[in-house]
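K.L.:
Okay, structure incoming, though there's no sequence with it:
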């Protein structure tokens, strides 16, 4: 999403340095952190004055903009919160979405935020701050939506060729509606999804309502459907996305959570997220505890 540069945006140089250093940091992480008890992650990061943020290079969550600067709702929000926690620098480390949680737990990153939904399966692997937003799903389809695809059930009935992203929750939702998992086309991200729909390789790409509406803005061949809630086991799903932390880093997560709640109460959170396409309807009072059930 094109946007003007904001003070404190993270330059691509930092991203590239972070990516290049990730292997060394990951390898050294266990030894380096061994000198500080795992529960003291907040104290360690304050001492280092740098936090490594795992992201997936996806608009509008965390990405390199047209000016070559790294931005997005996650880096901008992280920059504000960690500054208040006494940590001056946010160093983004890019990877594919499916590698974020393994990378977090292997200490390649200190925290992860990449439009990641909080769900029961992920809550068994990491701990989450309360979500900064809630989100419905939407489809990228050809202009005019010729197959009239508005829900996962529609996709099944139409026997449409269905695609979504690597590690996306939408895989589960399609399967729950009866779509064969072996037939799902897995693509890198929503840009690849748009290209696949435009070229006719797939009929539909599923993603969050925010990412689909942003990616189709300049397309002459595709459009985004109206947002909807997936149905799983007879219940509508309203998802929330939040920052993920290692299970041992409860003190760091709790400190982050405290700042998130202050920002929700003051309206500052929405002011940070709004330039990235978020609406007031996507602000939320959901908690990680609720979403982890």
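P.N.:
Perfect, I can see it now. Please read these numbers as outputs of a predicted model, since none were measured by experiment. Numbers count the residues shown, from 1 in each chain.
K.L.:
was I right about residue 240 contacting residue 292?
P.N.:
No - with the criterion set as C-beta atoms under 8 Å, residue 240 and residue 292 do not qualify as a contacting pair; they are 10.4 Å apart. Backbone N, C-alpha and C define where each C-beta goes, glycine included.
K.L.:
Now for the two: what residues contact both?
P.N.:
By the contact definition C-beta atoms under 8 Å, 6 or more residues apart in numbering, residue 240 and residue 292 are jointly contacted by residue 118.
K.L.:
where exactly do the strands run in the stretch 1-150 of the chain?
P.N.:
Assignment of strands within the stretch 1-150 of the chain using DSSP state E, counting those that start in this stretch yields the ranges 10-11, 50-55, 63-64, 69-71, 89-94, 111-112, 127-128, 133-135, 137-142.
K.L.:
Please spell out the segments of this structure that come in under the pLDDT threshold.
P.N.:
Low-confidence segments of the chain (pLDDT under 70): 1-39.
K.L.:
Next, the contact list for the one residue sitting closest to the centre of it, please.
P.N.:
Taking C-alpha atoms, centre = their mean as the criterion, residue 115 is the residue nearest the geometric centre of the chain, at 1.4 Å. The contact partners of residue 115, taken as C-beta under 8 Å, 6+ apart, are 56, 58, 61, 74, 208, 210, 211, 241.
K.L.:
And for residue 174?
P.N.:
Counting by C-beta under 8 Å, 6+ apart, residue 174 has contacts 152, 155, 156, 162, 164, 181, 184, 206.
K.L.:
Ok, residue 230 next?
P.N.:
Taking C-beta under 8 Å, 6+ apart as the definition of contact, the neighbours of residue 230 are 137, 151, 152, 170, 173, 176, 177, 236, 237.
K.L.:
just how off-centre is stretch 62-79 within its chain?
P.N.:
Distance, stretch centre to chain centre, for stretch 62-79: 13 Å (C-alpha atoms, centre = their mean, to the nearest Å).
K.L.:
Just say which of the strands of the stretch 1-150 of the chain is most tucked in.
P.N.:
Mean neighbour counts were compared across the strands of the stretch 1-150 of the chain using mean count of other C-beta atoms under 10 Å; the top stretch is strand 111-112, at a mean of 28.
K.L.:
Could you count how many residues lie near residue 218?
P.N.:
Applying other C-beta atoms under 10 Å, we find 8 residues neighbouring residue 218.
K.L.:
do residue 129 as well
P.N.:
Neighbour count for residue 129, taken as other C-beta under 10 Å: 25.
K.L.:
mind listing the helices for the stretch 151-293 of the chain?
P.N.:
With DSSP state H, counting those that start in this stretch as the criterion, the stretch 151-293 of the chain has helices at 152-158, 170-176, 190-199, 209-215, 250-266, 268-273, 288-291.
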